[in-house]
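> can't give you the sequence, but here's the structure:
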């Protein structure tokens, strides 16, 4: 986790993005804290987990100059997707190996990137059609 956080922070810093660098450095640790604090299997724990991820993502997006509502949606979507993908392994998230968690994380990043590309294309088409 530390290597990923530092790498992301350095990438943001290389682009003179101080806010992005701080978010990239803190995000994995804040996400881990959320998971630890909402580790139960009850509906209340799952709801608290989703709400906390929505709030964290909204703050991260706001700090980096992006739309916080989009951040909240991304946070919930990413976390819900992780839960669904984890079920494919046939065990709870708490029992996944580091490699399995990394695979899920990669799939979620690819999924979110695809959503972002689709949203960008949609926005560009609307701009072209209105002009």
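That came through fine. Bear in mind that the values here come from a model prediction, so they are computed numbers and not experimental data.
> Looking at whatever helix or strand residue 72 lives in now, give me its mean pLDDT.
Residue 72 belongs to helix 68-87 when assigned by DSSP states H and E. Across helix 68-87, pLDDT averages out at 84.
> Quick check: what element follows that helix along the chain?
Next along from helix 68-87, by DSSP H and E: helix 98-130.
> Specify the local secondary structure of the residue lying closest to residue 30 once chain neighbours are set aside.
In space, and not counting its chain neighbours, residue 30 is closest to residue 56: 5.7 Å by Cβ to Cβ, 6 or more residues apart in numbering. (Glycine included, C-beta is placed from N, CA and C.) Of the three states, residue 56 takes helix under DSSP: H, G, I helix; E, B strand; the rest coil.
> Determine the number of other residues adjacent to residue 56.
21 (other Cβ atoms under 10 Å).
> what separates the helix holding residue 72 from the chain centre, distance-wise?
The chain centre lies 7 Å from the centre of helix 68-87; the measure is Cα atoms, centre = their mean, to the nearest Å.
> Now the element after the lowest-mean-pLDDT helix or strand in the chain, going C-ward?
Among the helices and strands of the chain, helix 2-14 carries the lowest confidence by mean pLDDT, DSSP states H and E, at a mean of 65. The element immediately downstream of helix 2-14 (helix or strand, assigned by DSSP H and E) is helix 18-37.
> For residue 123, see how far away the residue nearest to residue 30 is.
25 Å (Cβ to Cβ, to the nearest Å).
> Ok, residue 115 next?
13 Å.
> so where is this protein shaky, pLDDT-wise?
Scanning the chain with the threshold set as pLDDT under 70 gives 1-10, 12-14, 131.
> before we move on, the earlier item: the residue nearest to residue 30: what's it in contact with?
Contacts for residue 56 (Cβ atoms under 8 Å, 6 or more residues apart in numbering) come out as 27, 30, 31, 34, 75.
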